[in-house]
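> Give me coordinates for this.
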Amino acid sequence: MTEPAIQQAYEAAKALYAQHGIDTDDVLKKLETIKISMHCWQGDDVRGFLNRGQELTGGISVTGSYPGAARTPEELRRDLEQAFALIPGKHKVNLHAIYADTDEHVELDKLEPKHYERWVAWAKEQGLGLDFNPTCFSHENSKDGFTLSHPDENIRRFWIDHCKASRQIGAYFGEQLGQTCVTNVWVPDGFKDNPVDRMSPRKRLKASLDEVFAEPIDPRYNLDAVESKLFGLGSEAYVVGSHEFYMGYGLQNDKLICLDAGHFHPTEVISNKLSSLALFTSGILLHVSRPMRWDSDHVVIMDDELLEIGRELVRHDLLGITHIGLDFFDASINRVAAWVVGTRNTIKALLRAMLEPVEALKQAELEGDYTTRLALTEEFKSYPFGAVWDHYCASKGVPVREQWIQQVKAYERDVLLARG
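Purely as a prediction, here's the structure:
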């Protein structure tokens, strides 16, 4: 589309939305302030750069062998730059501990901020924030499926020290970049078959977390989060860190509670949980993914649940307390394209929610006028949000509509295929 055509379509859309009191210029200013935390592990299939060659464990599996996976931190950063060049706005990168960029051999429990100095320097240069995660999987000390709840005190100590070190790294990110880092703790602990004792592992996990979080850290620099899971490969019968466990722990200890779209029963959705959780917590961490029959972490598409997540965040004014991150990995398609599709869709969902007449809909509902609520909701599904999106992309200097695909294809030809 030409620039005049984009602007003409935007002006027409702006006039339509204005009839309902929606100022599209103000909406785009607000959208610009929202940061999506793009996960680094899509770029190399969750391999990382510490202990390369280690088998994936913790119920994590990546399928496909599309050429061009990043093999070094430099390659991964180059791929991230290419993806961000096709996504409007300034955002964040979500790092796992195994993505340390260091020339020395270092164990997970001995990691320090210095092992991520190159990431921080790059983020400063790019104007990005960084989030962080301890890596409690794909390691010799996690091979039997237990980490922070392990019955062996020495193994438990290893993972406690790793998580404590991760919080310090997160605080370093926040202090250096001037953007609060969210450090999220997820562990794969659980049993494949029915356990006899469900309580003891949870007691050990609670005690471990208490020690991990014992040292206060300035919330301007680092916020702690805890993430549950329903089941996983190797923990089909029982997961120590269940939703109920972390809901209780997070509320009692003022930690962000992470809601991952793939970590619940297939008939559950996280959009319906947001309004409840927001009443009792100071903050929420979202991991936006697309489960397909299980926690399969497909690339995020513009499906009903993504739209409902966006609506819940906007309708209840939760964007100020919600940290939005992505969590998917697909090695069957171009990895940079996966980032672009998922991130652009997440931003689009928020934009669509912002372009709804929320107050009018709430008033109709309050008055019992469900006819107007239904009719207006349905009519707005065909309103020209795409014209607003095109204008936003053009104003931010990123490709409009599917134009970005050709840039990814060129990058694949010139860079990714050379990696083999």
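
> contacts and neighbour counts: CA atoms only from here.
OK.

> any idea where the strands of this structure begin and end?
Counting by DSSP state E, the chain has strands at residues 36-39, 92-96, 129-133, 181-185, 190-191, 222-227, 238-239, 256-260, 284-288, 322-326.

> which strands and helices sit next to the longest one?
Contact partners of strand 222-227 among helices and strands, from 3 or more CA pairs under 8 Å, 6 or more residues apart in numbering; DSSP states H and E: helix 153-177, strand 181-185, helix 243-253, strand 256-260.

> rerun that using 10 Å as the cut-off
strand 129-133, helix 153-177, strand 181-185, helix 243-253, strand 256-260, strand 284-288 (3 or more CA pairs under 10 Å, 6 or more residues apart in numbering; DSSP states H and E).

> Could you export those as TSV, including mean neighbour count, distance to Trp122 and mean pLDDT?
Compiled in TSV, these are given as follows (neighbours: other CA atoms under 10 Å; distance: least, CA to CA, whole Å; pLDDT from 0 to 100):
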stretch	mean neighbour count	distance to Trp122	mean pLDDT
strand 129-133	25	10	98
helix 153-177	22	10	98
strand 181-185	26	16	98
helix 243-253	16	32	97
strand 256-260	27	27	97
strand 284-288	23	24	98
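
> Tell me which of those sits nearest to Ala83.
strand 129-133 (15.3 Å; CA to CA).

> Low-confidence ranges, the protein, go.
Applying pLDDT under 70 to the chain picks out residues 52-53.

> so who does the residue most central in space within it touch?
Closest to where the C-alpha atoms of the chain average out (CA atoms, centre = their mean) is Gly325, at 1.9 Å. By CA atoms under 10 Å, 6 or more residues apart in numbering, the contact list for Gly325 reads 35-39, 92-94, 131, 182, 258, 260, 285-289, 343, 346.

> One more pass at 7 Å, please.
Counting by CA atoms under 7 Å, 6 or more residues apart in numbering, Gly325 touches 36-38, 286-288.

> Now for those: which two are most distant?
Met38 and Leu286, at 11.9 Å, using CA to CA across the contacts of Gly325.

> count of neighbours near Arg419?
Counted with other CA atoms under 10 Å, residues neighbouring Arg419 total 13.

> Please read the previous query as pertaining to Lys381.
Neighbourhood size, Lys381 [other CA under 10 Å]: 11.

> Give me the distance between it and Val388.
Lys381 sits 14 Å away from Val388, going by CA to CA, to the nearest Å.

> Give me the common contacts of those two.
By CA under 7 Å, 6+ apart, no residue touches both Lys381 and Val388.

> on that earlier part again, in JSON lines: the helices and strands packed on strand 222-227, plus distance to Gly64.
Below are those laid out as JSON lines (distance: least, CA to CA, whole Å):
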{"stretch": "strand 129-133", "distance to Gly64": "25"}
{"stretch": "helix 153-177", "distance to Gly64": "30"}
{"stretch": "strand 181-185", "distance to Gly64": "27"}
{"stretch": "helix 243-253", "distance to Gly64": "30"}
{"stretch": "strand 256-260", "distance to Gly64": "23"}
{"stretch": "strand 284-288", "distance to Gly64": "21"}
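
> out of these, nearest to Gln82?
Relative to Gln82, the nearest member of the helices and strands packed on strand 222-227 by CA to CA is strand 129-133, separated by 16.6 Å.

> Residues contacting the closest one, please?
91-97, 123, 166, 170, 173, 177, 179, 181-185.

> let's see 8 Å
Applying CA atoms under 8 Å, 6 or more residues apart in numbering, the contact partners of strand 129-133 are 37, 91-97, 120, 123, 166, 169-170, 173-174, 177-186.

> can you check stretch 328-341 too?
Contacts of stretch 328-341 (CA under 8 Å, 6+ apart): 38-39, 41-43, 45-46, 62-69, 79-80, 82-84, 86-87, 289-290, 296-301, 405, 408, 412.

> ok, 7 Å please
42-43, 45, 62-66, 79, 83, 86-87, 289, 297-299, 408.

> I'd like to know which of those residues are buried.
For those, a burial check counting by 16 or more other CA atoms under 10 Å picks out 42-43, 45, 62, 79, 83, 86-87, 289, 297-299, 408.

> tell me which of the residues you listed is nearest to Glu367?
Checking the buried ones among the contacts of stretch 328-341 against Glu367 by CA to CA gives Ser289 as the nearest, at 35.9 Å.

> pretty sure the closest one is in contact with Ile301, am I right?
No. Using CA atoms under 7 Å, Ser289 is not in contact with Ile301, being 8.9 Å away.

> can you redo the strands of the chain as a markdown table with distance to Ala9?
What follows is these, written out as a markdown table (distance: least, CA to CA, whole Å):
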| stretch | distance to Ala9 |
| --- | --- |
| strand 36-39 | 27 |
| strand 92-96 | 31 |
| strand 129-133 | 33 |
| strand 181-185 | 38 |
| strand 190-191 | 53 |
| strand 222-227 | 42 |
| strand 238-239 | 51 |
| strand 256-260 | 36 |
| strand 284-288 | 30 |
| strand 322-326 | 30 |
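
> Grab the nearest non-local neighbour of Phe191.
Ser235 (4.5 Å; CA to CA, 6 or more residues apart in numbering).

> show me what contacts the one you found?
Residues near Ser235 by CA under 7 Å, 6+ apart: 190-192.

> so which of the residues you listed is the most crowded?
Most surrounded of the contacts of Ser235: other CA under 10 Å gives Gly190, at 29 neighbours.

> residues touching the nearest residue to Asn184 once chain neighbours are set aside, list them.
Excluding the flanking residues, the one nearest Asn184 by CA to CA, 6+ apart is Ala225, at 4.4 Å. Applying CA under 7 Å, 6+ apart to Ala225 gives the contacts 182-185, 255-258.

> what's the answer for Ala364, then?
Ala364 touches 370, 372-373, counting by CA under 7 Å, 6+ apart.

> Cool, thanks, signing off.
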